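Trainee: Requesting a structural model of the entry that follows:
(one chain, ligands or ions: 1)
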Amino acid sequence: MNVQKGLKGIVAAETLIGHVDGENGELIYRGYEIRELTKSYSFEEVAYLLWYGYLPDEGQLQGLKDELKRNRELPEYLIKIIDLLPPSMDMMSVIRTVISAEGGNSEYEGIATISHAIRLTSLVPTIIAYRKSQIEGRLFEHPRDDLDHVSNYLYMLTGEVPLEAHVEALESYMLLTLEHGMNASTFSARVTVSTESDIVSGVTSAIGTMKGPLHGGAPSGVIDLLNEIALAGDAEKVIREKIMRGEKLMGFGHRVYKTRDPRAIALKTKLLELVGEDEWLDLAMKVEEVAIRVLEELKPGRSLYTNVEFYAAAIMKALEMEPELFTPTFTASRMVGWTAHILEQAENNTIFRPQSKYIGVLK
Ligand code: COZ
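Mentor: Next up is the predicted model:
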């Protein structure tokens, strides 16, 4: 009985939703390469693709946009819960708590549906924006029906209709993080619903998993790394000392990608297009080059390259989004992938129940 720590290399399910090709650095959503999708499609179109399995025509797209808009406002009892939560509670814990309470809504009984997925996807941006306004003591900017999903999210956060460039930058990031095969949080969601538990329990498990710094929490760590390097003025020295101390460089390495993460490349391209010369972006690109070189020298053969979170941090910085909103924003987009996988698991379910190797003594 050999133990596969972290289930490394284990294939836990077959899926039609996404394909992560670690060797060639490719990410495919329902047969389409993500660079193509990011270039030409909106959040709503790609969410539709992931849920339904094909890209929507005009009528289907309008139907999805309308359904997302109908589900944006929070029910009174969720507002009350948020108002009661301690101000010190972090945003990921707030999202986990409020989405869990959404499960009290009787419409989730029975099998999971795409309408459930749409509602959960639509609620998360409003939970984030309402909580932020409540903590800051500001009037909450209610959702606007004349704005699409990503624009409306930025509008609710700031109270201003966002710049097109900001919408494009955030939409690229959210498109690239919608889905990523059997990552830890998607696996949590599938394990949870494999017991025939409900979709809200499944996404609540996923949110709790996403909260971890080795999964969704990396962009904040990247900002800290870039700030530390900017202060020290010596990228090589800071990076080398961290690795020598056995610390992990946030934004580098990936369990599956053993070459550059295609999402990082797509984000970097979009950033260069949108932001052009920007001191932060210049610093990020210089740090990336030094980090890859030093990781190869000190960790030869581990194939440690830039992952999506490295340039996600640069995007969020360009949007002047506070670091505590990075992982919540990732959660808002990955809700689509989680719910798509939950629906797929229910179609052909076998309960997940691996084994463990007892290494204790027998009394
Ligand atoms: N910085 C420095 N060393 C790293 C590293 C990083 N970011 N990622 C992995 N390594 C090293 C480990 O220390 C380990 O070294 P040894 O062989 O000397 O023990 C080796 O590479 C393999 O590490 P591990 O088994 O943890 O790799 P795995 O592929 O399981 O880890 C994750 C993948 C994403 C957890 C990655 O290593 C990591 O922690 N990255 C930083 C957090 C992050 O950016 N997460 C977002 C991912 S999208």
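
Trainee: Now the residue of the chain found nearest the ligand. Nearest residue, chain neighbours left out?
Mentor: Taking C-beta to the nearest ligand atom, the ligand has its nearest neighbour within the chain at residue 253, 2.8 Å off. Using the backbone N, CA and C atoms, a C-beta is placed for each residue, glycine as well. Counting by C-beta to C-beta, 6 or more residues apart in numbering, the nearest residue to residue 253 once its immediate chain neighbours are dropped is residue 304, at 4.6 Å.

Trainee: That neighbour contacts residue 252, correct?
Mentor: Yes. Judged on C-beta atoms under 8 Å, residue 304 makes contact with residue 252 at a distance of 5.3 Å.

Trainee: what sits in contact with each of these two?
Mentor: Common neighbours of residue 304 and residue 252, using C-beta atoms under 8 Å, 6 or more residues apart in numbering, are 292, 295.

Trainee: more crowded one of these two?
Mentor: residue 252 (26 against 22; other C-beta atoms under 10 Å).

Trainee: Distance-wise, check that one relative to residue 233.
Mentor: Distance, residue 252 to residue 233, using C-beta to C-beta, to the nearest Å: 21 Å.

Trainee: And stretch 102-116, end to end?
Mentor: 11 Å (C-alpha to C-alpha, to the nearest Å).

Trainee: List the contacts of it.
Mentor: Under C-beta under 8 Å, 6+ apart, the answer for stretch 102-116 is 51-52, 67, 75, 77-78, 120, 123, 193, 198-202, 204, 339, 342-343, 346.

Trainee: do the same with stretch 180-187
Mentor: So stretch 180-187 is in contact with 12-13, 15, 17-20, 27, 179, 190, 206-207, 209-210, 212, 215-216, 256, 334, 337-338, 341, going by C-beta under 8 Å, 6+ apart.

Trainee: And stretch 153-161, by the same measure?
Mentor: Outside stretch 153-161, the residues that touch it by C-beta under 8 Å, 6+ apart are 125-126, 128-130, 132, 138, 140-144, 147, 151, 162, 166-167, 170, 319, 321, 325, 329, 332.

Trainee: mind running it again at 10 Å?
Mentor: 43, 72, 124-126, 128-130, 132-133, 138-144, 146-147, 151-152, 162-163, 166-167, 170-171, 174, 319-322, 325, 329, 332-333 (C-beta atoms under 10 Å, 6 or more residues apart in numbering).
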